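Asks: Dropping the sequence and predicted coords here.
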Amino acid sequence: MTYPVVQEVHKFEVGNSFITKLNLSISNGLPNSTPLSSLKTDEDDMVKGIVQMLQGFPSYLFYWDEELLCFHAKQGIYASHLSQTTLKRLLNPFLLASTCLKRVEIFIEKVEYIGQRYPTLCAFANSVNSWLKRLRDSALKEEELLFKPDNGKTTTLLGLINSLSSLCAGAEHLCQIVYEAVPGVFFYSDTTTINMLSSEVVVHILNHLFSKLSDVCLVQGGEGDLYQMLLFLFVGTLLPYLRGLDSWLYDGILDDPFEEMFFYGNSSVSIDQPSFWETSYLLRSKPRSAISQVGSALSDTTCPQFLATMSKAIMSAGKSLQLVHHARDENFVTSCISKTGIPCDSQDKKSKSARAMGILTLTEVFLISLVGLSNDRDHIFENLVKYSNDNPSIKMDNKEGNNKAWLNFLSDAIEGRNKNCSVGSGLDSFIACNPAVTVCGEMLQKNKVSWGELNISGSFHLPPLNDNILRKAVFGGTHLVDIGSIEGTDYRFGFPFGEIERHNIEDDKRAVESLCPFPTILPSFPEDKPLSEILPFQKDSTLSSRVLKFIQSMKLKESLDPAIIIQECLSLYIKRQVDHVGKSILHKLMGEWRLMDELFILRSIFLLGSGDLLQQFLVVIFNKLDKGYSWDDDFELNSILQESIRNSADRTLLSAPDSLAVSVSKEDVTAEIKKESTQPNFGSHNLGIDSLDKLCFSYKVSWPLDLIANVEALKKYNQVMGFLLKVKRAKFLLDKTRKWRWKDRSSPQNYKKHLLIEQKLLHFVDSFHQYVMERVYHSAWTELCSGMELAGSLDEVIEVHETYLSSIQRQCFVSSDKLWALIASRVKTILGLALEFYNLKQSLRTGGTSAAIKARCEAEINRIEKQFDDCVAFLLRILSFKLNVGHFPHLADLVTRINHNYFYMSDSGNLLTVPRFQSSGNFGKAPAFRPSPA
């Protein structure tokens, strides 16, 4: 099998002279002359040269071409018992494999130069390097067999092909994976010009390895070393990304200095700002020049495809942890300072354990689960949850015969972590400045009597030695040196310093001894052993090294779909941690932060749920509008509002009265006054029904509840409140009209007609007001409480609250959809008719004595009646439409209330003739009802 990256580069060197070309054209590529005897080569030498070439070392028979980046055989070499064609066919697989391995080696060297900017690329190169060593170790073992003195076998080229066939196939696959997984800019561009984003590189490598692993698993069934190679490379490459996820999911810290994660932090937004949840951390988008991934779940973001479905939950968990930590730190420091006068942190240690898997990191549980799934065929999620904090039970299970690899790794990880957390007497568990002391820690603890001899601080009294004269004596050719002529040292003449200098040197000696104890000690350990296995257990290092080594050498019992690996070994633990964080944030929201109490206050204010919290304020505003007084002074409005709150029985709802404020746009009020001044008002200064639309209430929501009830949510609350104020005002004016009728004992002309129109308007407004109070105020709140009980994270809480706002917007017909806008226009028209009817009744009551005014008022009342009937008929048709009722059941409830006792519409859905007084002669007759034609 050959690939474009290496094909046609592994061939014999041929001459370019005219004689050579002529010879080849005649002989069709077969030499027809006797080869030179000096180029005759033994097959043993070729075999030795091949195994050396496979290890990356050129020889006199095979050399490396720096221009073409491939291995060539020396021109003209031949074997006496092999034809040139046969020799080429035998050597070509080794030349191809050696070229592949050498190119991989060049790639690794290039990554070592630029890999600091790309941690995931560096991890991929390290994994490739480990597999490269594994392949070349096969060639090294073959070479050792060749040079054994007691080896009586002779290895031929054909035998070498059989013994190294897996190596050649692995070399081709490894080279192909490297060239396909890594973006081409890293191969064909200079290292100084590479400016590709780290997040793009991560997505490109991980997505390719995941897709390739899926293809090999399905097509090939994981046979041979290809599946194992891909699994090893995928796991090794994924580790840096998992460390970043671990820091984010368990600590709430975005530890991503090289910007490899699929999201990034917005430094301009602080945690105490209301926009923190939406804008503090954003998804990282791919630039237009990014390499597109076919089939990627998030094609426009730099998120690996196997994490796409969890990306939102991952971001939410980290932000939730930051909120909890920030609130806890503020409250804890405040309480400590108030009690003791100084900050303290002893009580906070327990609350910092935000890890659902105990002391194990996300990387460690992923690796242990992978070993259990691939080697022992165990789904160990539940067991790992139990064992993560119960190490003795692991030892007990191992003693009972369950000696499984994942149990051994888990036991070593927990024991090493516990031992690493402890501090020995006199020596810390890990000394970063001198790892040799760490490796020899156990030996030093057992031989404390030798500490004085091992530490060179006792020799610090010697002054520095100037050995220039001694160097001249050694290298200058002089055999005899006068001791008295040696300068630069006073060792012969004692210690020349005074008492102060001696004390300073003693202090320096103790400081150096504490910083770097036993600087000359050297441990003994095998060569080529990973450093993580020599030093004591280290987080995300020791276990990773051991598991990767285990995966590289284990015999896979079956090939696993990578989707199953991600689900069983990663997704379950991420979901567990996300749920753990979600419960923590919900416990804070519903308990200490009192979310439902805050939402209840918003409901009482903006949905007019409080009995008299805003009653006095609304009465004053309605009277000002009725009399045409100015009402656009913010200071006066807020004074009236605060007085209304003080006089209210529900004033205890607000923790601070000034948390609720009101403002109005003067431009809009002026425009409304000009608009109304052009219309006849019959002696009334009452402004239109839309005059209160620009009345805006603001409420200071406490942190962090302002993340849920943010500015956009308050705008929606104000929209609903604006509609409810229209209903409230219409009801207020019609109630005043009814009071006038009760006080007026006389029976004016057209009394029954006016009474019928008044009752129609009152019935509609009252029915609509009851619908609002039951459906919007009570039913929607019940649905909100039920949704909050089922929420599992702050994102879900915000979603439930948004659903609640959308629901009350639809039920109050202030949504932006066409259907609701159409219904709202008719409802507003009817409420406006109620306002016009009030103005007409006020005109007739105060100054309507002239016949002209009475006639004009009667004409307007007739228009109001007809327009009201038309609007009601239209509303009933729209509200009772089966499709609308099926999607929105609350419309049926509104129809039932408006069409009380089937006044406007029959049970079958046919509109009835609305009773109407056509003339004064019909006052004593009952109105006729008849079904309208279907």
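Replies: Looks like it arrived, so ask away.

Asks: which SS state does E259 fall under?
Replies: Classification of E259 by DSSP: H, G, I helix; E, B strand; the rest coil places it in coil.

Asks: which ones are touching it?
Replies: E259 is in contact with 197-199, 284, counting by Cβ atoms under 8 Å, 6 or more residues apart in numbering. Every C-beta, even on glycine, is put in place using the N, C-alpha and C of the backbone.

Asks: quick one: it from A125, how far?
Replies: 19 Å (Cβ to Cβ, to the nearest Å).

Asks: In ChimeraX, how would I select just the buried ones from the contacts of E259?
Replies: Buried residues among those (16 or more other Cβ atoms under 10 Å), as a ChimeraX selection:
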select :197,198,199,284
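
Asks: Can you tell me which of the contacts of E259 is nearest S59?
Replies: The nearest member of the contacts of E259 to S59, counting by Cβ to Cβ, is S198 at 40.2 Å.

Asks: phi, psi of the closest one?
Replies: phi -60, psi -40 (degrees, to the nearest 10).

Asks: quick thing: my sequence starts at 30, can you match it?
Replies: Sure, I'll start counting at 30 from here, so that last one is S227.

Asks: show me where pLDDT drops low in the stretch 630-779 of the chain?
Replies: Confidence mapping of the stretch 630-779 of the chain against pLDDT under 70 gives the ranges 640, 695-716, 773-779.

Asks: in it, which spans are strands?
Replies: 689-693, 724-728 (DSSP state E, counting those that start in this stretch).

Asks: Contacts for the first one, please.
Replies: Residues outside strand 689-693 that contact it (Cβ under 8 Å, 6+ apart): 634, 660-661, 663, 666-667, 670, 674, 683, 723-729.

Asks: Name the nearest of these relative to Q302.
Replies: K729 (14.0 Å).

Asks: Now the closest one. Nearest residue, chain neighbours left out?
Replies: Spatial nearest neighbour of K729, chain neighbours left out: S688 (4.4 Å); criterion: Cβ to Cβ, 6 or more residues apart in numbering.

Asks: what about that neighbour, neighbour count?
Replies: By the criterion of other Cβ atoms under 10 Å, S688 has 15 neighbours.

Asks: before we move on, which element is E307 in?
Replies: According to DSSP states H and E, E307 maps onto helix 305-308.

Asks: List the buried residues of that helix.
Replies: So helix 305-308, judged by 16+ other Cβ under 10 Å, has buried residues 305-306.

Asks: could I get it in PDB with only the CA atoms?
Replies: C-alpha atoms of helix 305-308 as PDB (Å, rounded to 0.1, in the frame of the first residue of the first chain):
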ATOM      1  CA  PHE A 305     -21.600  37.900  33.100                       C
ATOM      2  CA  TRP A 306     -23.600  34.800  32.200                       C
ATOM      3  CA  GLU A 307     -24.100  35.700  28.600                       C
ATOM      4  CA  THR A 308     -20.900  37.500  27.600                       C
END
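
Asks: Which residue lies nearest the spatial centre of the chain?
Replies: M344 (2.9 Å; Cα atoms, centre = their mean).

Asks: so that one is in which element?
Replies: helix 340-369.

Asks: Tell me which two of the contacts of strand 689-693 sit farthest apart.
Replies: Spatial extent of the contacts of strand 689-693 (Cβ to Cβ) is set by the pair D661 and L683 at 24.6 Å.

Asks: returning to that earlier point: need the contact list for the residue nearest to the centre of the chain.
Replies: Contact analysis of M344 by Cβ under 8 Å, 6+ apart lists 292, 310, 312.

Asks: switch the cut-off to 6 Å
Replies: Residues in contact with M344, defined by Cβ atoms under 6 Å, 6 or more residues apart in numbering, are 292, 310.

Asks: now L119
Replies: Applying Cβ under 6 Å, 6+ apart, the residues near L119 are L186.

Asks: redo that, cut-off 7 Å
Replies: 186-187, 190 (Cβ atoms under 7 Å, 6 or more residues apart in numbering).

Asks: what about it, helix or strand, and which?
Replies: Using DSSP H and E, L119 falls in helix 113-143.

Asks: Show me what counts as buried in that helix.
Replies: Neighbour-count burial for helix 113-143 [16+ other Cβ under 10 Å]: 113, 116, 119-120, 122-133, 136-137, 139-140.

Asks: try stretch 852-865
Replies: In stretch 852-865, counting by 16+ other Cβ under 10 Å, buried: 852-853, 855-865.

Asks: For those, give me CSV that also has pLDDT.
Replies: Shown next, in CSV, are the buried residues of stretch 852-865 (pLDDT from 0 to 100):
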residue, pLDDT
I852, 81
A853, 81
R855, 85
V856, 83
K857, 85
T858, 86
I859, 84
L860, 84
G861, 84
L862, 85
A863, 82
L864, 85
E865, 82
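
Asks: Generate a markdown table for those, with secondary structure and distance to E818 as supplementary columns.
Replies: Below are the buried residues of stretch 852-865 laid out as a markdown table (DSSP: H, G, I helix; E, B strand; the rest coil; distance: Cβ to Cβ, whole Å):
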| residue | secondary structure | distance to E818 |
| --- | --- | --- |
| I852 | helix | 32 |
| A853 | helix | 32 |
| R855 | helix | 37 |
| V856 | helix | 33 |
| K857 | helix | 36 |
| T858 | helix | 40 |
| I859 | helix | 38 |
| L860 | helix | 36 |
| G861 | helix | 41 |
| L862 | helix | 43 |
| A863 | helix | 40 |
| L864 | helix | 42 |
| E865 | helix | 46 |
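
Asks: Looking at the residues you listed, spot the one nearest Y279.
Replies: For those, the nearest to Y279 is A853 (49.1 Å; Cβ to Cβ).

Asks: quick one: that closest one and A759, what's the gap?
Replies: For A853 relative to A759 (Cβ to Cβ), the value is 14 Å.

Asks: what does A337 give?
Replies: Relative to A759, and taking Cβ to Cβ, A337 is found at 51 Å.

Asks: Among these two, which residue is more densely surrounded?
Replies: Higher neighbour count among A337 and A759: A759, with 28 against 15, using other Cβ under 10 Å.

Asks: residues contacting T832?
Replies: G816.

Asks: just checking, next helix/strand downstream of the helix holding E307?
Replies: Next element after helix 305-308 (DSSP H and E): strand 310-312.

Asks: Direction included, what does that following strand pair against?
Replies: Using DSSP bridges, the strands paired with strand 310-312 are strand 292-294 (antiparallel).

Asks: who touches the partner strand?
Replies: 283, 309-313, 344.

Asks: Of the residues you listed, which pair is most distant in space?
Replies: Those two in the contacts of strand 292-294 that are separated most widely, counting by Cβ to Cβ, are S309 and R313, at 13.9 Å.

Asks: Could you identify the longest helix within this protein?
Replies: Using DSSP state H, we find that the single longest helix of the chain is helix 740-772.

Asks: tilt between that helix and strand 724-728?
Replies: Here the directions of helix 740-772 and strand 724-728 differ by 120 degrees (axes from the mean of the first three to the mean of the last three Cα atoms, to 10 degrees).

Asks: on contacts alone, who are the packing partners of helix 740-772?
Replies: Packing partners of helix 740-772 (3 or more Cβ pairs under 7 Å, 6 or more residues apart in numbering; DSSP states H and E): helix 624-635, helix 644-656, strand 724-728, helix 780-800, helix 823-840, helix 847-875.

Asks: Identify the residues contacting N404.
Replies: Contacts of N404 (Cβ under 7 Å, 6+ apart): 434, 583.
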